[in-house]
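Student: Give me a model of this one.
(one chain, ligands or ions: 1)
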Amino acid sequence: MMKRMESMVVVLGLTLWGGSDVKGVVRYVDIDATGSNNGSSWCDAYTNLSFALFIASFAGDELRVAQGTYKPTTGTDRTLTFTMYDDVEAYGGYAGCGAIDPDARDISAFVTIMSGEINTASVTDNSYHVVTASGVANTAILDGFTITKGYADGSGGNSNGAGIYNVSGDPVIRNCTITDNFAATDAGGMFNDDSLAVIENCTFSLNVGDFGGAMICLNDSNITITDCVFDRNEASVTGGAIDLLQSSPVISGSACRFEGNETPGAGGAIAFKGGSGDVMISDCEFIDNIAGSVGGAIAASTDFGFFEIFLDDCVFTRNSARDGGAVYMNNPNAKITLCEFVDNEATPAKGSGFGGALWIDIQGSLIDIEINNCLIVGNTAKDDGGGVYFFPTTANGPDPVLANCTIADNTALNGNGGGVFHRRTDPIVQNCVL
Ligand SMILES: [Ca+2]
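Tutor: Numbering: from 1, shown residues only. Just a heads-up that it's a prediction; the model follows:
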């Protein structure tokens, strides 16, 4: 009996030590610290960020990281990475040891960089993944870092997610800049598979991949993206900024902007290939995005699963594609409300171009399309549908609704329907200015 009591005490002790109820301490990381390197103060800070993250994982410590450039290794192993852990919150952007106020925090002034630039000066021998978030809960937080120079050109998972690689993790990524990362297959910036990641106030720029220059979401990655900027990312196949397969994100926030993203395929900014629920995009600006095929800003297809897409309060300006200069919809239910479509173009140099602002394809008999309170102005198609092109593939299909919209000054250069082109359907037009 005594023995049993003792072992219970040991078990309880271990549980308390490792449990999330035990609040960790604050530990310091500063690449320039020269003291005892035990993490206890700015000048005794750890200099090795990978090691600090690992140590912090035991009791769930908070890490404060000073300005400077940190690398996953000083050696040559491309598989080494900054690993995120449950209950570890890491904050970059501090002034650090030697500053008048080492606790001063300013992410722009005290830039804290997680860099995959290892080995030679060439990027092609860099870390496959700068950060790895696989398996973590939403208690794993990165806040205030620049994540850059990942180069995922390996095999399997090492060809995806050069900036952040995430399988079955739900990390929180906040106030970060994810820039200049390359993946040979999916997502230069951030790879999400089976994830409920939360991404807030981040910038993804100049990332390159085959699918999703900045980000890919696979297998029910119904992530939340708030107040993020996607700037000049490139995908060589689809989804200039974001590629989504059977995933339904919420993308919103007054700072939300997609600008100058590009792909030769579908979805200059975002490509949806089937959802796993409702897709919500609100308060976002889409500017100067380019798709070689369909959907200069957004291409949404239900080829891999039906979904309902809601576009609220978004502005689409100067996006271009072969068809659907701003938005291409292939068969989801769609509610487009309070959006502005201005100066978008479907005017390819070769071949035909339909739907200067919108191409809406309706195949199913129960598809529900509603465009309400929108402004569709100054858009141009090479052929039919300067503003909107409705294209049901079956006769007598469901009738899309256009209500309370202003549709003006759109041009169908060589075709019909300067404002709206439709065939095999009877759009219900209510209270619109044409
Ligand atoms: Ca290198």
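Student: what's the closest non-adjacent residue to Leu311?
Tutor: Of all residues not flanking Leu311 in the chain, Ile336 sits nearest, at 4.6 Å (C-beta to C-beta, 6 or more residues apart in numbering). Yep, even glycine has a C-beta here, placed from its N, CA and C like the rest.
Student: Contact partners for the one you found?
Tutor: Contacts for Ile336 (C-beta atoms under 8 Å, 6 or more residues apart in numbering) come out as Leu311, Val327, Leu358, Glu370, Ile371, Asn372, Cys374.
Student: Tell me if I am right that it is in a helix.
Tutor: No - looking at Ile336 with DSSP: H, G, I helix; E, B strand; the rest coil, it is strand, so not inside a helix.
Student: now it, which residues is it bridged with?
Tutor: Leu311, Ile371 (DSSP bridges).
Student: Return the distance of it relative to the ion.
Tutor: Distance from Ile336 to the ion, counting by C-beta to the ion, to the nearest Å: 45 Å.
Student: Model confidence for that residue, exactly?
Tutor: Reported pLDDT at Ile336 in the predicted model: 97.
Student: Enumerate the residues of this protein near the ion.
Tutor: Asn119, Asp125, Asn126 (C-beta under 5 Å from the ion).
Student: Can you flag the buried ones in those residues?
Tutor: Asn119, Asn126 (16 or more other C-beta atoms under 10 Å).
Student: Just send the residues of the chain next to the ion back as JSON lines, with distance to Phe182, pLDDT and secondary structure too.
Tutor: Conversion of the residues of the chain next to the ion to JSON lines gives the following (distance: C-beta to C-beta, whole Å; pLDDT from 0 to 100; DSSP: H, G, I helix; E, B strand; the rest coil):
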{"residue": "Asn119", "distance to Phe182": "15", "pLDDT": "97", "secondary structure": "coil"}
{"residue": "Asp125", "distance to Phe182": "12", "pLDDT": "98", "secondary structure": "helix"}
{"residue": "Asn126", "distance to Phe182": "9", "pLDDT": "98", "secondary structure": "coil"}
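Student: returning to what we had before: and the residue nearest to Leu311, how far from Ile281?
Tutor: Taking C-beta to C-beta, to the nearest Å as the measure, Ile336 falls 10 Å from Ile281.
Student: hey, what's in contact with both of the two?
Tutor: Counting by C-beta under 8 Å, 6+ apart, the residues touching both Ile336 and Ile281 are Leu311.
Student: and the end-to-end length of stretch 153-161?
Tutor: 10 Å (C-alpha to C-alpha, to the nearest Å).
Student: how far is it from where the chain is centred?
Tutor: Offset of stretch 153-161 from its chain centre (C-alpha atoms, centre = their mean, to the nearest Å): 18 Å.
Student: Could you list the residues in contact with it?
Tutor: 78-79, 124, 128-129, 150, 152, 165, 167, 182-187, 189-191, 209, 216.
Student: where in the chain is pLDDT low?
Tutor: Applying pLDDT under 70 to the chain flags residues 1-22, 393.
Student: one more time with 50, if that's ok
Tutor: Along the chain, the parts satisfying pLDDT under 50 run over 1-21.
Student: ok, now which ones touch the residue nearest to Asn330 when sequence neighbours are not counted?
Tutor: Residue nearest to Asn330 in three dimensions, not counting chain neighbours: Ser301, with 4.1 Å by C-beta to C-beta, 6+ apart. By C-beta under 8 Å, 6+ apart, Ser301 lies in contact with Ala266, Ala271, Phe272, Lys273, Gly274, Asn330, Asn331, Pro332.
Student: who does the helix or strand hosting the second one pair up with?
Tutor: Assigned by DSSP states H and E, Ala271 belongs to strand 270-273. For strand 270-273, the paired strands and their directions (DSSP bridges) are strand 242-245 (parallel), strand 298-301 (parallel).
Student: Show me the helices in this structure, by range?
Tutor: Using DSSP state H, the helices of the chain run over 2-18, 49-56.
Student: hang on, the earlier thing: dump the contacts of Ser301 to a markdown table, plus neighbour count and distance to Gly24.
Tutor: What follows is the contacts of Ser301, written out as a markdown table (neighbours: other C-beta atoms under 10 Å; distance: C-beta to C-beta, whole Å):
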| residue | neighbour count | distance to Gly24 |
| --- | --- | --- |
| Ala266 | 31 | 46 |
| Ala271 | 31 | 41 |
| Phe272 | 34 | 40 |
| Lys273 | 23 | 41 |
| Gly274 | 18 | 41 |
| Asn330 | 22 | 49 |
| Asn331 | 20 | 50 |
| Pro332 | 25 | 45 |
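Student: Among these, which one sits closest to the ion?
Tutor: Ala271 (30.6 Å; C-beta to the ion).
Student: Quick check: chain neighbours aside, which residue is closest to the closest one?
Tutor: Gly239 is the one closest to Ala271 (C-beta to C-beta, 6+ apart), at 3.6 Å.
Student: How much space separates Thr69 from Asp32?
Tutor: Distance from Thr69 to Asp32, by C-beta to C-beta: 11 Å.
Student: Then Glu285?
Tutor: Relative to Asp32, Glu285 is positioned 39 Å away (C-beta to C-beta).
Student: The two - which one has more neighbours?
Tutor: A side-by-side neighbour count of Glu285 and Asp32, using other C-beta atoms under 10 Å, places Glu285 first with 17 against 14.
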